[in-house]
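S.K.: The sequence and its predicted three-dimensional model are supplied below.
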Amino acid sequence: MNQETRGAVLIFNPGAGGRRGVTPEALVGALAESGFRAEYRPTACEEDLDRVLEGVTGPVFVAGGDGTLRGVALRLLGRPGAQLAPLPMGTSNNVAATLDLTDRTLDLAHAYRDASTRPLDVGRVTAPWGDDVFLEACGCGAFAELLCAYRPDEPKSPLRAVGALVSTLTSFEPLPLALAVDGEAHPGEPATVLEVMNIRATGNGLRLATNADPGDGLLDVVRVDALNLAEWVASLAALARDEFETLPTVQTLNARQVEISYTGQVFHVDGEVRPAMPGVTGQVRIEVQPGALTLLLPRESVQ
Ligand SMILES: Nc1ncnc2c1ncn2[C@@H]1O[C@H](COP(=O)(O)OP(=O)(O)OP(=O)(O)O)[C@@H](O)[C@H]1O
């Protein structure tokens, strides 16, 4: 691809957790050396993206974490020619980690000198609370409850995270869920976690779907049985070893379409919470939209 005179837009989240002294000016300079005339369009909050991305097509470099990438991705959906170019600068960077974008932000901007495109699937959700789109994952159970207890809209706090973990683990009851995958019913015991994943990790780098590929046109359904204390400990140890899917308490299925019974339980969509709606019943329907977005990535990271 000849990138010598390509115009582009740079989105830079000054509040992203992994910024470490990187500036938008330094990124514009590095991208210029990589062959992109990147115009930096400042944003003070996610809502500003509506204004700065109006009518934008072509490459959009996103310096930020998963929240910033989600904000840009949702606005580029359905725009022909738009390309999402991640420059991971967040705390967890789950999407970037799945794409093997592990270089430092500025080094990565230089690596775009030799860039190439690849498709990125998204998950589409139709639920009693409304319609949603996810890049990472959507699910219910202990992780969604934990995120809800943590209150992700408030400033990050390790102390609040510990409090949320303790309150969730001591009060959580496994959910008796009806699950259908590509139209086939999967009866099972109550579940501790049910996650529909597009990438390998969600939350604070929880690698629940070790082998997920965000461009294969499939979602990974990860279901965890009710756990006793020893199994909780084994699960955490397996997560740390990146072997979560090998646990006997975990089932993983590939799916194009998933239906989960809804009895008002808390869900999460990427890093956002969809709070409990007591008394409401129905279905949560989740479908993959293959290649809904186009990624622009350094060629060395495109398999
Ligand atoms: N374009 C933007 N400009 C300014 N602020 C933004 C923008 N997009 C999102 N934000 C705000 O910044 C917060 C943090 O962003 P982000 O999630 O990208 O960083 P992080 O939390 O450090 O990374 P990660 O989600 O990978 O752990 C978001 O929750 C949102 O409130």
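M.R.: Sure, I can see it. What you see is a predicted model; the values in this text were computed from it and never measured. Numbering: from 1, shown residues only.

S.K.: What count of nearby residues applies to residue 54?
M.R.: Neighbours of residue 54 under the rule other C-beta atoms under 10 Å: 8. For the C-beta atoms, the positions are set from N, CA and C on the backbone; glycine is no exception.

S.K.: next one: residue 15
M.R.: Neighbour tally, residue 15, other C-beta under 10 Å: 15.

S.K.: In three-state terms, label it for me.
M.R.: coil (DSSP: H, G, I helix; E, B strand; the rest coil).

S.K.: And for residue 297?
M.R.: Per three-state DSSP, residue 297 ends up strand.

S.K.: Let me know how buried it is, in neighbour terms.
M.R.: With other C-beta under 10 Å as criterion, residue 297 counts 24.

S.K.: same question, the one 3 residues further on
M.R.: Using other C-beta under 10 Å as the criterion, residue 300 is surrounded by 12 other residues.

S.K.: Next: residue 255.
M.R.: Around residue 255 there are 21 residues (other C-beta under 10 Å).

S.K.: which ones are touching the residue in the stretch 151-300 of the chain positioned nearest to the ligand?
M.R.: When scored by C-beta to the nearest ligand atom, the stretch 151-300 of the chain has residue 271 as its residue closest to the ligand, at 5.7 Å. When contacts are counted by C-beta atoms under 8 Å, 6 or more residues apart in numbering, residue 271 is found next to 66, 67, 70, 136, 147, 152, 203.

S.K.: Any chance of the backbone angles for it?
M.R.: Here is the backbone geometry of residue 271 (degrees, to the nearest 10): phi -90, psi 10.

S.K.: burial measure for the residue in the stretch 1-150 of the chain positioned nearest to the ligand, as a count.
M.R.: Residue of the stretch 1-150 of the chain nearest the ligand, by C-beta to the nearest ligand atom: residue 65 (1.9 Å). By other C-beta under 10 Å, the residues close to residue 65 number 25.

S.K.: next one: residue 254
M.R.: So residue 254, with other C-beta under 10 Å, has 17 neighbours.

S.K.: can you give me the strands in the stretch 51-200 of the chain?
M.R.: Using DSSP state E, counting those that start in this stretch, the strands of the stretch 51-200 of the chain run over residues 58-64, 82-88, 115-127, 130-134, 137-141, 179-181, 184-185, 191-197.

S.K.: could the ones you listed be laid out in CSV, adding mean neighbour count, mean pLDDT and distance to residue 94?
M.R.: Listed next are the strands of the stretch 51-200 of the chain as CSV, based on neighbours: other C-beta atoms under 10 Å; pLDDT from 0 to 100; distance: least, C-beta to C-beta, whole Å:
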stretch, mean neighbour count, mean pLDDT, distance to residue 94
strand 58-64, 26, 98, 13
strand 82-88, 25, 98, 9
strand 115-127, 19, 97, 13
strand 130-134, 16, 98, 11
strand 137-141, 27, 97, 9
strand 179-181, 19, 96, 23
strand 184-185, 10, 94, 29
strand 191-197, 25, 95, 10
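
S.K.: Tell me which two in the contacts of residue 271 are the farthest apart.
M.R.: 70 and 147 (14.3 Å; C-beta to C-beta).

S.K.: Helix, strand, or coil at residue 44?
M.R.: coil.

S.K.: hmm, I was thinking of residue 293
M.R.: Under three-state DSSP, residue 293 comes out as strand.

S.K.: Show the contacting residues for residue 278.
M.R.: By C-beta under 8 Å, 6+ apart, the neighbours of residue 278 are residue 264.

S.K.: Need the per-residue pLDDT for it.
M.R.: Per-residue confidence at residue 278 stands at 96 (pLDDT).

S.K.: got the phi/psi numbers for it?
M.R.: Per degrees, to the nearest 10, the backbone of residue 278 is at phi -60, psi 140.

S.K.: Could you dump the strands of the stretch 51-200 of the chain into TSV and include distance to residue 74?
M.R.: Formatted as TSV, the strands of the stretch 51-200 of the chain follow (distance: least, C-beta to C-beta, whole Å):
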stretch	distance to residue 74
strand 58-64	12
strand 82-88	11
strand 115-127	9
strand 130-134	6
strand 137-141	14
strand 179-181	26
strand 184-185	30
strand 191-197	18
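
S.K.: Please name whichever of these is nearest to residue 262.
M.R.: Of the strands of the stretch 51-200 of the chain, nearest to residue 262 by C-beta to C-beta is strand 115-127, at 6.7 Å.

S.K.: how far is the closest one from where the chain is centred?
M.R.: Its chain's C-alpha centre and that of strand 115-127 lie 11 Å apart, by C-alpha atoms, centre = their mean, to the nearest Å.
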